[in-house]
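Trainee: no sequence for this one, just the structure:
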């Protein structure tokens, strides 16, 4: 028979493993039309983490910019700099600023995901957050949902952020609220891809992937390889979950 101490140790390990797998790597890119979200609070003091991404056409991969995401030197940036020194126009491949935020997509699933926010969306959200008539959308008791309307393509892509007029709790069920908070991803642990993998991706791009490049990509739009791959995108580095304070 297991002792109480053994049971406690196994229980602690079980809870630890659940936290490592829940919420990990579930990234969400906004689709055309209207998506209703609820932002979740973060213990860091802000609901988002600033990062940067390279888009290398032809490789079918989205890549973290290591320097723009706070991980030191970026090998992709170095390669682009070499091309620029040879007279190549690399402006469309330069990393674009993004933000990651924990949130819930209403009507999709109860578990939180990591929302990928472009500068256009983030700016509008912050405008409402700083407006005392709206306040903090992340408040689990008196926050509010937000509709994100996406339309257009390429440089004509537009995002309209529309807060819902009624302030509501994150969920009526307290257990669900606690579960959502407990399954948030720790945005500070975003990791870049292995250097060798980055080099392989760059080699594919250098061998001809760049020939299919399009300059008509807005700073807020990330071309998706598969519209059905919105959740758990394999193109993005993983995010690990941790248990947050209640």
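Mentor: Cool, the structure landed. For clarity, every value in this text was computed on a predicted model and none was experimentally measured.
Trainee: CA atoms for contacts and neighbours, from now on please.
Mentor: Fine.
Trainee: any idea which helix or strand carries residue 52?
Mentor: strand 48-56 (DSSP states H and E).
Trainee: direction included, what does that strand pair against?
Mentor: strand 61-64 (antiparallel), strand 96-105 (antiparallel) (DSSP bridges).
Trainee: beta partners for residue 50?
Mentor: What pairs with residue 50, by the bridge criterion (DSSP bridges), is residue 99.
Trainee: just the pLDDT for it.
Mentor: Looking at residue 50, its pLDDT stands at 89.
Trainee: gap between it and residue 65?
Mentor: 11 Å (C-alpha to C-alpha, to the nearest Å).
Trainee: ok, these two, which is more surrounded?
Mentor: residue 65 (26 against 17; other C-alpha atoms under 10 Å).
Trainee: flag the shaky bits of this protein, pLDDT-wise.
Mentor: Filtered on pLDDT under 70, the chain yields the residue ranges 1-4, 6-25, 61-62, 109, 190-193, 209-246.
Trainee: which residues of it fall in strands?
Mentor: For the chain, the strands defined by DSSP state E occupy 27-28, 33-39, 48-56, 61-64, 96-105, 113-118, 146-151, 158-163.
Trainee: so what touches the fifth one?
Mentor: Residues from elsewhere that reach strand 96-105, judged by C-alpha atoms under 8 Å, 6 or more residues apart in numbering: 35-42, 47-54, 68, 110-119, 122, 184-185, 187, 219-220.
Trainee: what's the PyMOL syntax to select whichever of the residues you listed are buried?
Mentor: A single PyMOL command is used to select the members of those judged buried by 16 or more other C-alpha atoms under 10 Å:
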select buried, resi 35+36+37+38+39+40+41+42+47+48+49+50+51+52+53+54+68+111+112+113+114+115+116+117+118+119+122+184+185+187+219+220
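Trainee: quick one, what contacts residue 95?
Mentor: Residue 95 touches 52-55, 65, 68, counting by C-alpha under 8 Å, 6+ apart.
Trainee: let me have these in a markdown table, extended by distance to residue 180.
Mentor: A markdown table is the format used below for these (distance: C-alpha to C-alpha, whole Å):
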| residue | distance to residue 180 |
| --- | --- |
| 52 | 26 |
| 53 | 27 |
| 54 | 30 |
| 55 | 31 |
| 65 | 29 |
| 68 | 29 |
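Trainee: would you check which pair of those lies furthest apart?
Mentor: Using C-alpha to C-alpha, the contacts of residue 95 span at most 13.4 Å, a distance reached by 55 and 68.
Trainee: how near is residue 73 to residue 67?
Mentor: 5 Å.
Trainee: repeat that for residue 107.
Mentor: 36 Å.
Trainee: neighbour count winner among the two?
Mentor: residue 67 (17 against 9).
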